[in-house]
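[1] turn this into a model:
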Amino acid sequence: MYVKLMVIFMCSKSIKLLKEHKRIKDWLDTYQIKNYTIREDLSVDVDGMVDLQYKGIKEIPIQFGKIIGTFICSHNYITSTDGFPREVEQDFYARYMIGINQFRGGTGKSFTKDEILKVCKVRESYIFVNNYPYK
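    Numbers count the residues shown, from 1 in each chain. Predicted coordinates for the structure are as follows:
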């Protein structure tokens, strides 16, 4: 019981976003994200795809702004929508989150469409959660 409570506590805290231009740039370069602009408010716009799948990440420590392309963060340990883009021009993939599975009692669920739409406007494309696309 203690372990389960600890997982819930760890998963429900908000993420501390990076606040320095150089640290944000280093994080983007580490994950090979190209064609980005770091805005004055330190949010990051990307002209192209952001592919973070299978990176073993637990959080997105930067605030993505607008992604002119597809955003993929599937197959990771992400438990919070903190850092998710504010807007995505194409598809948004947030499937098979291991941390979410533990947080929700191992039900196999990932983020829901509504959870994503609370923080991100997905324009004219699909949101992929679990095995289902939602338009």
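[2] and the helices in this structure?
    Along the chain, counting by DSSP state H, helices occupy 2-12, 21-30, 98-103, 113-119.
[3] tell me what F92 is bridged to.
    F92 forms beta bridges with F71, I127, as assigned by DSSP bridges.
[4] quick one: the residue lying closest to K34 once chain neighbours are set aside from G69, how far?
    Spatial nearest neighbour of K34, chain neighbours left out: G48 (6.2 Å); criterion: Cβ to Cβ, 6 or more residues apart in numbering. Placement of C-beta: from N, CA and C, glycine included. In this view, G48 and G69 are 5 Å apart by Cβ to Cβ, to the nearest Å.
[5] those two: which has the busier surroundings?
    Comparing G48 with G69 by other Cβ atoms under 10 Å, the one with more neighbours is G69, at 17 against 13.
[6] could you pull up phi and psi at that one?
    Per-residue torsions, G69: phi 160, psi -160 (degrees, to the nearest 10).
[7] touching, it and Y36? I think so.
    No. Contact criterion Cβ atoms under 8 Å: G69 and Y36 do not qualify, at 11.1 Å.
[8] shared neighbours, these two?
    V46, D47 (Cβ atoms under 8 Å, 6 or more residues apart in numbering).
[9] got a pLDDT number for the residue most central in space within the chain?
    The centre of the chain sits closest to F84, judged by Cα atoms, centre = their mean, with a distance of 4.2 Å. On the pLDDT scale, F84 is placed at 96.
[10] list the contacts of it.
    With the criterion set at Cβ under 8 Å, 6+ apart, F84 makes contact with I60, F64, F71, C73, A94, I116, V119, C120.
[11] would you mind naming the residues that bridge with the second one?
    Counting by DSSP bridges, F64 is bridged to V44.
[12] list the contacts of it.
    S43, V44, D45, V46, V50, F71, G83, F84, P85, R86.
[13] separation between the closest residue to I15 other than its chain neighbours and I72?
    Leaving aside its chain neighbours, I15 sits nearest to D82 (4.1 Å; criterion: Cβ to Cβ, 6+ apart). Shown here: D82 relative to I72, a distance of 17 Å by Cβ to Cβ.
[14] right, I'll leave it there.
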